[in-house]
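**Student:** Sequence and predicted structure, then a few things I'm wondering about:
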Amino acid sequence: MTIRLIGYSFSGIVMRVIICLKELCIPYELDPPASYKSLKDEDYIANKHPFGKIPVLFDGDFKITESRAICRYLASKYQGKHNDTILIPNNIHKARLVDQFISYELSYYDPPLSKLIYQEKVIKSLNRDQDPEVIKQAHEELAKVLDVFEKLLEGKEYLNGEYSLADLFLCPSTYYVYDAGHSDLWDNRPNVKKWWNRLYNRDAVKKSFEDTKSFWESNPKF
């Protein structure tokens, strides 16, 4: 049975799952909700996501929500079945280090990125005034995080040495912020720049970004 993913392809958190599906060559169907408003319908909350959010993934009768949990599930069940891509190492020490880097992403990397995405993408799309001070502070906060990443990536191609969920999880939000005029944060740090270029040019990542760009070009007022 084909996996069904509920969400919008342009959503960073949904894109995270799409990249994971593509990396593991898992067939899937994308089922976008009728509208954001429909996510708060009683039926959606009762049968799909208790907080009225996306993404939601159905694998047969099994349902799971939250992008990071979904990706962990997909890697645990499907990695090695359709190709040789490994997103969670079989070695227990390497696997737990992946969890460590995911925690770094969630705790330190994602918060300033989310602030910048809200200011640069959401606020702009609503034709509201951005808050320059919020942008400045988030930019500075992210710069400090990337200074640490510059050291963590010394002598490595990826955060854990080999490509993993730790890198994948960072891709969508990085793409949006990099594209919104903050590319200097990555480009001014040699290790970080090479790492991001390496991620960007992975087939699954690049295809997801191209699909997102095509959507926004076709639906500029969505």
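**Tutor:** In hand now; what should we look at? Numbers count the residues shown, from 1 in each chain.
**Student:** Which helix in this protein has the most residues?
**Tutor:** helix 132-152 (DSSP state H).
**Student:** which helices and strands does that helix pack with?
**Tutor:** For helix 132-152, the elements it packs on are helix 110-117, helix 184-187, helix 190-200, judged by 3 or more CB pairs under 8 Å, 6 or more residues apart in numbering; DSSP states H and E. Using the backbone N, CA and C atoms, a C-beta is placed for each residue, glycine as well.
**Student:** Quick check: which of the ones you listed is buried the most?
**Tutor:** Sort the helices and strands packed on helix 132-152 by mean neighbour count, taking mean count of other CB atoms under 10 Å, and helix 110-117 sits at the top with a mean of 20.
**Student:** So for the helix or strand immediately after that helix in the chain, what gets flagged as buried?
**Tutor:** Per DSSP states H and E, helix 110-117 leads on to helix 123-125 as the next helix or strand towards the C-terminus. Within helix 123-125, the residues scored as buried using 16 or more other CB atoms under 10 Å are Ile123.
**Student:** follow-up on the earlier one: quick one: closest of the helices and strands packed on helix 132-152 to Phe62.
**Tutor:** Shortest distance between Phe62 and the helices and strands packed on helix 132-152, using CB to CB, is found for helix 110-117: 26.7 Å.
**Student:** Quick one: mean pLDDT over the closest one.
**Tutor:** Taken as a whole, helix 110-117 carries a mean pLDDT of 96.
**Student:** try stretch 156-170
**Tutor:** Rounded to a whole number, the mean pLDDT of stretch 156-170 is 98.
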